[in-house]
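Visitor: generate coordinates for the sequence data below:
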Amino acid sequence: MKNSRVPLVATLVALTGVVALLALPAPGRETGHAAIVRAPASREAATASGSPRAAPVEGSAEPTGPPAPSPVPTGRPDPGTATVPGASRAGRQPPVVDHGPRTGDKVALTFDADMTDAMRYQLRSGAVRSYANLAIVDLLERERVPATFFLTGKWVEEYPDVTRRLAANPRFELANHTYGHLAFTADCYHLPTIPRQRMAADVARTFDVIAPYGGRQTRYFRFPGLCHDRTALTELAPLGVTVVDGDVVSGDPFARSWRPIVDAVLSRVRPGSVVVLHVTEANAPMTDEALPRILAGLAAQGLTPAPLSEVLAATPPSPTA
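Guide: Residues are numbered from 1 along each chain as shown. You can find the predicted model right below:
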């Protein structure tokens with residue numbers, strides 16, 4: 001999991017130092033503006049299944065859902081995408097944000113919906129019961145809490161009914177978390193790595209998978225494991241997205257108690273924070289127990305959950321050059 005950012009060294013003293021620094025993330029700016037991180041290689045702890053070597057089942061029949069995407073997905077938004085939250089200037093390296101302005105009282109609760117081939121195999125073989133934690137959705141709906149869901153395309157295909165439910169809620173936003181949760185850099189928590197030439201098509205395909213569901217769709221994108229570098233960002237330039245990491249990583253995957261999740265969030269959260277949680281029940285089984293305590297703690301601190309677009313809206317990030 002990504003718990004902190006390593007600041008860049010002010011002076012490069014050797015060629016080896018140059019190479020090392022290129023792999024380190026730049027610190028987010030904690031001003032009244034959304035933090036834009038221009039450097040690569042940020043991470044989140046592994047959010048895939050605990051056994052990524054399980055056999056894929058690509059040939060299996062897909063559940064009934066909306067029409068399948070076109071064979072050559074474009075991921076292009078409709079005309080007028082300047083009004084779509086997270087839309088950036090296509091053709092330029094996308095901005096990367098950690099948090100919104102450090103003013104006001106809004107924070108964003110974001111939930112990743114991972115789905116690797118290994119997770120799909122475990123689900124369909126009956127090894128796990130569910131990767132959709134409906135108790136989380138129930139609570140958010142009951143308490144009328146806004147949230148943003150970063151969906152993988154394969155999760156959407158496995159859970160079309162849940163996706164329709166998310167899309168139908170005007171307090172929920174839908175964002176992109178790749179198609180099959182492959183790593184976009186080497187050595188990213190043992191996730192299989194996607195080839196560079198397939199990166200843009202993978203993300204575009206996911207936009208195409210999500211599009212038929214409607215609702216509050218965005219151009220926000222989150223890398224699996226929060227692992228990215230300049231190459232990955234450059235490959236996504238044609239898509240016009242904003243990359244969202246997050247400044248409060250909950251540590252909920254594979255947690256055995258709700259307490260460390262709650263502590264991780266409430267000890268780090270600030271105005272403008274983007275909190276990273278998971279809705280994948282089998283590999284984040286304590287999140288639903290942690291969530292009501294997180295909500296109570298936010299209220300005690302005078303903080304209010306809001307959709308990601310609202311948390312970042314005061315100063316929308318500009319594309320990097």
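Visitor: what is the biggest helix by length in the chain packed up against?
Guide: Within the chain, and with DSSP state H defining each element, the longest helix by residue count is helix 287-300. On a contact count with 3 or more C-beta pairs under 8 Å, 6 or more residues apart in numbering; DSSP states H and E, helix 287-300 meets helix 134-142, helix 259-268, strand 274-278, strand 304-305. Yep, even glycine has a C-beta here, placed from its N, CA and C like the rest.
Visitor: show me what counts as buried in it.
Guide: Across helix 287-300, burial judged by 16 or more other C-beta atoms under 10 Å covers 287, 288, 290, 291, 293, 294, 295, 297, 298.
Visitor: coming back round to it: deepest-packed of the helices and strands packed on helix 287-300, please.
Guide: Mean neighbour count (mean count of other C-beta atoms under 10 Å) peaks for strand 274-278 among the helices and strands packed on helix 287-300, with a mean of 27.
Visitor: what does it contact?
Guide: Here strand 274-278 makes contact (C-beta atoms under 8 Å, 6 or more residues apart in numbering) with 44, 47, 97-100, 107-114, 133, 226, 244-250, 252-253, 265, 269, 284, 287, 291, 294, 308, 311.
Visitor: using PyMOL, define a selection of the buried residues within these.
Guide: In PyMOL, this line selects whichever of those come out buried by 16+ other C-beta under 10 Å:
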select buried, resi 44+47+97+98+99+100+107+108+109+110+111+112+113+114+133+226+244+245+246+247+248+249+250+252+253+265+269+284+287+291+294+308+311
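Visitor: narrow the contacts of strand 274-278 to those in helices?
Guide: Those of those mapping onto helices are 265, 287, 291, 294, 308, 311, per DSSP H.
Visitor: quick one: which of those is nearest to residue 157?
Guide: Nearest to residue 157 among the ones in helices among the contacts of strand 274-278 is residue 287, at 22.1 Å by C-beta to C-beta.
Visitor: mind listing what the closest residue to the closest one other than its chain neighbours touches?
Guide: Excluding the flanking residues, the one nearest residue 287 by C-beta to C-beta, 6 or more residues apart in numbering is residue 252, at 4.6 Å. Counting by C-beta under 8 Å, 6+ apart, residue 252 touches 261, 277, 278, 284, 286, 287, 290.
Visitor: Throw those residues into CSV and include distance to residue 220 and pLDDT, thanks.
Guide: As requested, the contacts of residue 252 are arranged in CSV below (distance: C-beta to C-beta, whole Å; pLDDT from 0 to 100):
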residue, distance to residue 220, pLDDT
261, 23, 98
277, 15, 98
278, 16, 98
284, 20, 97
286, 26, 98
287, 20, 98
290, 23, 98
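Visitor: re earlier: I'd like the ones in helices among the contacts of strand 274-278 laid out as TSV, including distance to residue 230.
Guide: Below are the ones in helices among the contacts of strand 274-278 laid out as TSV (distance: C-beta to C-beta, whole Å):
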residue	distance to residue 230
265	30
287	32
291	35
294	34
308	24
311	26
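Visitor: how about those residues, which pair is most distant?
Guide: Using C-beta to C-beta, those reach their maximum pairwise distance at 287 and 311, which is 19.9 Å.
Visitor: OK, contacts around residue 248?
Guide: Going by C-beta under 8 Å, 6+ apart, residue 248 touches 264, 265, 268, 269, 273, 274, 275, 276.
Visitor: show me which of these is closest to residue 137.
Guide: residue 275 (16.5 Å).
Visitor: the chain: strands as residue ranges?
Guide: Assigned by DSSP state E, the strands in the chain fall at 96-97, 106-113, 147-151, 172-176, 216-221, 242-244, 248-249, 274-278, 304-305.
Visitor: who does the fifth one pair up with?
Guide: According to DSSP bridges, strand 216-221 forms sheet pairs with strand 172-176 (parallel), strand 242-244 (parallel).
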